[in-house]
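Trainee: what's the 3D shape of this:
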Amino acid sequence: MMPGDSNMTSIVQRIARQALVTFRSPPRVGEEAGKSFLENQSKLKSLMTEVRAADLKLAPRRGDDSSPGVSPPLPYHHHHHHHHGGPPVTYMHICETDQFSMGVFLLKSGASIPLHDHPGMHGMLKVLYGKVRISCFDRLERPAGGTQAAAAAPALPPTQMGSLRRSLLRSIDEYTEESGPCVLSPDQDNLHRIDAVDGPTAFMDILAPPYDPDEDRDCHYYKVLAEGNARDTEQKEKEVWLLEISQPADFWCGGEPYPGPEVCL
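Mentor: Numbers count the residues shown, from 1 in each chain. Here you go, the predicted model:
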């Protein structure tokens, strides 16, 4: 295909190509982003800003729609038997390379993706329909010599102390299809919780590099334990303590086929 016929190329294909260029050698944890990375990331953000549900052949679902092609779990799937009508969240896989993965998350009405991290990863998320509330956190380094500024750690059984993480609640914002993408990096907004607001919602998601337990990029879940000192109520950013937990029992993610234009890389 000639470079000139971008109007012939689906926006999904253009996004995937730009993601490939952008995340070829992204900045690592604690590393300053170079000019070329920032320019490419900016191009990717512009393309993601344009993408619409129709471009992926997705029709917004109403609150009472059950996911097509997902049958309710059978009784003998014992650990799912209390979930009626299939998973709260499903994922449509679009493509994956060593550099990035791209897909769509679909949340039923009232569903949440619990607070989780993206170790050493960059990401970009664009709402396609409905509304999501995203709570973004930064991981903080362990307090140096327990300075006064740090809120005291919550009292926990010694076995759990190692699972405690100091963190900063940076923002809680709502996104719709009119919003630009939500961006995360290894150092900023790396942990988030995503809630469907007022009905079902879907968003396109790019993660770079993809999760890979063998490469120490496993997904960890957290719960907020305690908020920092009362004096930071007037500030947007709040210091919080997170406890690493196992995947919450009421959260699981099913798969469903992606109906949109094929991506070739």
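Trainee: check the gap between the closest residue to Pro248 other than its chain neighbours and Gly180 for me.
Mentor: Once flanking residues are discounted, Pro248 sits nearest to Pro114: 5.1 Å by C-beta to C-beta, 6 or more residues apart in numbering. For glycine as for every other residue, the C-beta is placed from the backbone atoms N, C-alpha and C. From Pro114 across to Gly180, the span is 24 Å (C-beta to C-beta, to the nearest Å).
Trainee: tell me which of those two has more neighbours.
Mentor: The neighbour count for Pro114 versus Gly180, taken as other C-beta atoms under 10 Å, is higher for Pro114 (16 against 13).
Trainee: any idea how far the helix or strand that contains the more buried one is from the middle of the chain?
Mentor: Per DSSP states H and E: Pro114 is located in strand 112-116. Centre-to-centre, strand 112-116 and its host chain are 8 Å apart (C-alpha atoms, centre = their mean, to the nearest Å).
Trainee: CA atoms only for that strand - export them in PDB, please.
Mentor: What follows is strand 112-116, C-alpha atoms only, in PDB (Å, rounded to 0.1, in the frame of the first residue of the first chain):
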ATOM      1  CA  SER A 112     -15.500  -2.000  37.300                       C
ATOM      2  CA  ILE A 113     -11.900  -3.000  36.400                       C
ATOM      3  CA  PRO A 114     -10.400  -3.000  39.900                       C
ATOM      4  CA  LEU A 115      -7.300  -0.900  40.800                       C
ATOM      5  CA  HIS A 116      -4.300  -2.500  39.100                       C
END
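Trainee: Leu168 - how many residues pack around it?
Mentor: 19.
Trainee: gap between the closest residue to Gly255 other than its chain neighbours and Pro248?
Mentor: Spatial nearest neighbour of Gly255, excluding adjacent residues (C-beta to C-beta, 6+ apart): Tyr91 at 5.7 Å. Separation of Tyr91 from Pro248 (C-beta to C-beta): 17 Å.
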